[in-house]
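1. quick one: sequence and predicted model below, then my questions.
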Number of protein chains: 2
Amino acid sequence: MYLNYLQEEFYGRPLIIADRELCESNIDNILKEAKNKDVALLVVGDPLGATTHTDMLLRAKQFEVKTQIVHNASIINAVSCCGLQLYNFGETISIPYWTETWKPDSFYDKIVQNFSRNLHTLCLLDIKVKEPTEESLTKKVRQYMDPKFMSVKEAASQLVQIIKRKPDTGITMDTIAVGLSRVGAPDQTIAVKSLREMQQCDLGPPLHSLVIPAPNLHPLELDYLAHFR
Amino acid sequence: MYLNYLQEEFYGRPLIIADRELCESNIDNILKEAKNKDVALLVVGDPLGATTHTDMLLRAKQFEVKTQIVHNASIINAVSCCGLQLYNFGETISIPYWTETWKPDSFYDKIVQNFSRNLHTLCLLDIKVKEPTEESLTKKVRQYMDPKFMSVKEAASQLVQIIKRKPDTGITMDTIAVGLSRVGAPDQTIAVKSLREMQQCDLGPPLHSLVIPAPNLHPLELDYLAHFR
């Protein structure tokens, strides 16, 4: 994800491999260079999963720079490794890190809507990288917090707090959830537990994702999930 | 998609590359062979996008054959090439080929539900391969129809017929749709037109997909779609 800015030869043609951070802060300069050189931007997941890259492509058009997208697996489809069928997923949601004073829960209503339509919900979990510390915000030199990646455990715990605030949605602490970590890597882990139990479930290093399955599953989905209980 | 059954050496180890049809009809034999040899099954899209392969993995477990999944891009995420954001997609639906006597439209209600929740709908279009002809069903020797792949044009025309039967859903013939063909290939084509116009829109050879976007789009989605009008 955080590659350096490299100048390489690629089949005899000059090639720049740019990292995402550089592209966000310096995209115009890179696009100017791209008039004469090939530029490759390597990203995690599908290149168009995030608005950042759609925006870049629009800028490239303004600069009359030709672009080519090489699609890739992303968590949006690789989540199928838990055995839940892709066409039974509803809207994907994101669970943000809560703070002492900011505890949003609007994403929960979307989970409830999917659940009531018998659809699974893929919950993308918050990532904090390059977040300036509060103290450094007023200073000249920015200091950054250590990167933070929300775990399945933390996500389940936030969800349980919302369930207590919003009962009678059909989703309870005993609703089954699927925790996934490092999907696609050799040490990929999948756990199937109630949300209550998931609060204590350590799935190891990041990245983590959480799925709230539909209430009524296909027999094949049930068979497959049973292997991770 | 329809590879032959090959016996190859792969880094000095015996490797079988099996095609999907063979796997469906002959999976137990292949799993027996997989005890001593590496078997690779190549598929189009993400390997777990279809129940067929989930089922195979369960069978492999019964045979105590170790499996490894290599995820891949699939239309579920590559559809993002049209500029519509992946997390704004609702449930994916399939549009089947109608016959003279069989014209199901239950998928339309799902499009309407997504639309009313301001979500996009990816419509997967029907594929008919290895369909026996009606005459050959009673004969010993099966004869097969030519393969058929539903086009965006055909899908739009079926949708327009449903709209006439079911008005007042919010979706009309003037609702904008996105037609996509051969996503990921060098001759990939994207067209943005009303459903009425889409009935006349030829996007060339298969495979085709259709998207019914949400009624209220993000400014970036609008900017991006504008390039395909």
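-> The structure has been received and is ready for your questions. Residues are numbered from 1 along each chain as shown, chains lettered A, B, ... in the order given.

2. so where's chain A uncertain?
-> Across chain A, the ranges flagged by pLDDT under 70 are A:1-24.

3. tell me the domain ranges of it?
-> A:6-62, A:75-226 (automatic domain parsing).

4. need the winner for burial among the ones you listed.
-> The highest mean neighbour count among those, using mean count of other CB atoms under 10 Å in any protein chain shown, belongs to domain A:75-226: a mean of 17. Quick note: C-beta positions are derived from backbone N, CA and C, even for glycine.

5. can you pull out the helices in chain A?
-> Under the criterion DSSP state H, chain A contains helices at A:20-33, A:51-62, A:75-78, A:106-116, A:152-165, A:195-198, A:219-226.

6. could I get the ones you listed as TSV with distance to residue B:180?
-> TSV is the format used below for the helices of chain A (distance: least, CB to CB, whole Å):
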stretch	distance to residue B:180
helix A:20-33	26
helix A:51-62	15
helix A:75-78	16
helix A:106-116	25
helix A:152-165	33
helix A:195-198	37
helix A:219-226	28
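
7. mind checking those for the one nearest to residue B:78?
-> helix A:75-78 (9.0 Å; CB to CB).

8. same for that closest one, what does it pack against?
-> Counting contacts by 3 or more CB pairs under 8 Å, 6 or more residues apart in numbering or on different chains; DSSP states H and E, helix A:75-78 is packed against strand A:121-125, helix B:75-78.

9. any chance of JSON lines for those, columns distance to residue B:97?
-> Shown next, in JSON lines, are the helices and strands packed on helix A:75-78 (distance: least, CB to CB, whole Å):
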{"stretch": "strand A:121-125", "distance to residue B:97": "30"}
{"stretch": "helix B:75-78", "distance to residue B:97": "18"}
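
10. which one, of those, ends up nearest to residue A:62?
-> Across the helices and strands packed on helix A:75-78, closest to residue A:62 is helix B:75-78 (CB to CB), at 24.3 Å.

11. neighbouring contacts of the closest one?
-> A:45-46, A:49, A:71, A:73-74, A:76-77, A:86, B:45-46, B:49, B:86, B:92, B:122, B:124, B:183-184, B:207, B:209 (CB atoms under 8 Å, 6 or more residues apart in numbering or on different chains).

12. tell me the centre residue of chain A?
-> Taking CA atoms, centre = their mean as the criterion, residue A:124 is the residue nearest the geometric centre of chain A, at 4.4 Å.

13. partner residues bridging that one?
-> For residue A:124, the beta-bridge partners are residue A:94, residue A:209 (DSSP bridges).

14. that one and residue B:71: what is the separation?
-> Applying CB to CB, to the nearest Å, the value for residue A:124 to residue B:71 is 16 Å.

15. and residue A:188, by the same measure?
-> Distance from residue A:188 to residue B:71, by CB to CB: 10 Å.

16. between those two, which contacts overlap?
-> In contact with both residue A:188 and residue B:71: residue A:81, using CB under 8 Å, 6+ apart.

17. which residue packs closest to residue A:78, ignoring adjacent ones?
-> residue B:71 (4.2 Å; CB to CB, 6 or more residues apart in numbering or on different chains).
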